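>>> Any chance you can model this:
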Amino acid sequence: RERAEVLRRVADELGARFDDRVTGRVADTGKSISQARTLDIPRGAANFRAFAEIVATAPTESFTTVTPTGGRALNYAVRKPVGVVAVIVPWNLPLLLLTWKVAPALACGNAVVVKPSEETPASATLLAEVMAAAGVPAGVFNLVHGFGPDSAGEHLTRHPGVDAITFTGESATGSAIMRAAADGVKAVSFELGGKNAGLVFADADLDAAVAGSVRSSFTNGGQVCLCTERIYVQRPVFEEFTARLAKRAGELAYGWPADEATATMPLISHGHRTKVLGHYDLARAEGAQV
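Numbers count the residues shown, from 1 in each chain. Purely as a prediction, here's the structure:
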């Protein structure tokens, strides 16, 4: 009950000074202010409330069995914290992803050590301030900044005091973390890179298919692991769908993140921009129309 109450205070604190929180998200990632208002902050606060309710009503199983000697045995479950959980999150949804990991870990009585992406350090710092203001005991929520290999991230995954690791990010980093976790047989929870396909059949409502594909491909600048990275279109509607999708993509509103009309966000870094633009060259080299 006490943990649930603390989590509710964290949710309340996230909702306080709402405009300041939104401005911080925009500055950290470059995402549009409209998305920060409707997604990052409200859903982040909702996650803490949701896990507070889940842990407050979590059942503890018990049942009786007959023993080989004819007696009866009472069997019951005991829920115990794992211990210290290392939380490593990427830059695309830096606050929301943190709440998805931190809220259940704290709800179940664990301590967390958070290592955010070096590209978006402010979101995790904000959450640390929120935790302190909400009265989370010292040492329960901990934050370290740094890079991954040969830095804070690798040190955290190899540390003998860490009992479990939760990570969202690219698959190559996940492999490195799994190797590090093997030494201590630590529990791991991974959400790794995807290559999700959209399917458009000839009998589809093309207006809906195009609108849905634009949202699923370009939300957050396309920088979400559950975005649509490939679209397979049945041949009878291929030309029409492709032309309409290209037209809608060209109409996306790019601009200053604080502008309400801006619909999407820039790429997170110069290096990522260079990587993405390089795929145009690769596509041309492989014979694609660009």
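
>>> ranges for the strands of the stretch 151-290 of the chain?
164-169, 187-192, 196-200, 228-233 (DSSP state E, counting those that start in this stretch).

>>> list the buried ones in the second one?
Looking back up the chat, that one is strand 187-192. V188, E191 (16 or more other C-beta atoms under 10 Å). No exception for glycine: its C-beta is placed from N, CA and C like everyone else's.

>>> Give me the residues contacting that strand.
82, 101, 163-171, 174, 177-178, 181, 225 (C-beta atoms under 8 Å, 6 or more residues apart in numbering).

>>> before we move on, the earlier item: from the strands of the stretch 151-290 of the chain, which stretch is densest packed?
strand 164-169 (a mean of 23; mean count of other C-beta atoms under 10 Å).

>>> tell me what it is packed against?
strand 84-88, helix 94-107, helix 171-182, strand 187-192 (3 or more C-beta pairs under 8 Å, 6 or more residues apart in numbering; DSSP states H and E).

>>> Please enumerate residues in contact with that strand?
82-90, 97, 101, 105, 110, 156-157, 173-174, 177, 181, 186-193, 225.

>>> Using ChimeraX, define a selection of the buried residues within the residues you listed.
Entered in ChimeraX, the line below selects the buried ones among the contacts of strand 164-169, by 16+ other C-beta under 10 Å:
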select :84,85,86,87,88,89,90,97,101,105,110,156,157,173,174,177,181,186,188,191,225
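
>>> quick one: pLDDT of the spatially most central residue of the chain?
The centroid of the chain falls nearest to L97 when counting by C-alpha atoms, centre = their mean (3.1 Å). Note for L97: predicted pLDDT of 92.

>>> Now that it has come up, it's in contact with V89, right?
Yes. If you go by C-beta atoms under 8 Å, L97 and V89 touch, sitting 4.5 Å apart.

>>> Okay, helices next: where are they in the stretch 1-150 of the chain?
2-15, 18-29, 33-35, 41-56, 94-107, 121-133 (DSSP state H, counting those that start in this stretch).

>>> Out of those helices, which is closest to G250?
Taking C-beta to C-beta, helix 33-35 is the member of those nearest to G250, at 20.3 Å.

>>> Please name every helix or strand in contact with the closest one.
Packed next to helix 33-35, using 3+ C-beta pairs under 8 Å, 6+ apart, are helix 18-29.

>>> Enumerate the positions of the helix it packs on that are buried.
R21, V22, G24, R25, V26, D28, T29.

>>> Now it: average pLDDT?
Rounded mean pLDDT across helix 18-29 is 80.

>>> Please enumerate residues in contact with it?
Contacts for helix 18-29 (C-beta under 8 Å, 6+ apart): 14, 31-33, 36-37, 40-41, 91-92, 94-95, 120-123, 126, 257-258, 265, 268.

>>> Would you confirm that V237 contacts L199?
No. In this structure, V237 is not within contact of L199 by C-beta under 8 Å, at 11.8 Å.

>>> mind checking how far S217 is from L282?
Here S217 is placed at a distance of 18 Å from L282 (C-beta to C-beta, to the nearest Å).

>>> Name all residues that make contact with the nearest residue to A263 once chain neighbours are set aside.
The spatially closest residue to A263, leaving aside those adjacent along the chain, is A253, at 4.2 Å (C-beta to C-beta, 6 or more residues apart in numbering). A253 makes contacts with A261, T262, A263, T264, as judged by C-beta under 8 Å, 6+ apart.

>>> can you rerun that using 7 Å?
Residues near A253 by C-beta atoms under 7 Å, 6 or more residues apart in numbering: A261, T262, A263.

>>> picking up where we left off before, tell me the one of the contacts of strand 187-192 nearest A133?
Nearest to A133 among the contacts of strand 187-192, with distances taken as C-beta to C-beta, is K101, at 20.1 Å.

>>> In terms of pLDDT, where does S213 sit?
96.

>>> what's the answer for G83, then?
97.

>>> just the one 3 residues further on next, same as before
We have a pLDDT of 98 for A86.

>>> I'd like the numbering to begin with 345 instead of 1 from here.
That works, and once the first residue is 345, the last one we named lands at A430.

>>> closest one to E405 among the helices and strands packed on strand 508-513?
Taking the helices and strands packed on strand 508-513 one by one with C-beta to C-beta, helix 438-451 is closest: 18.4 Å.

>>> outside of that closest one, which residues touch it?
347, 351, 369, 372-373, 383-384, 387-388, 391-392, 395-396, 398-399, 429, 431, 433-434, 456, 458, 460-461, 464, 467-468, 470-471, 484, 510, 512.
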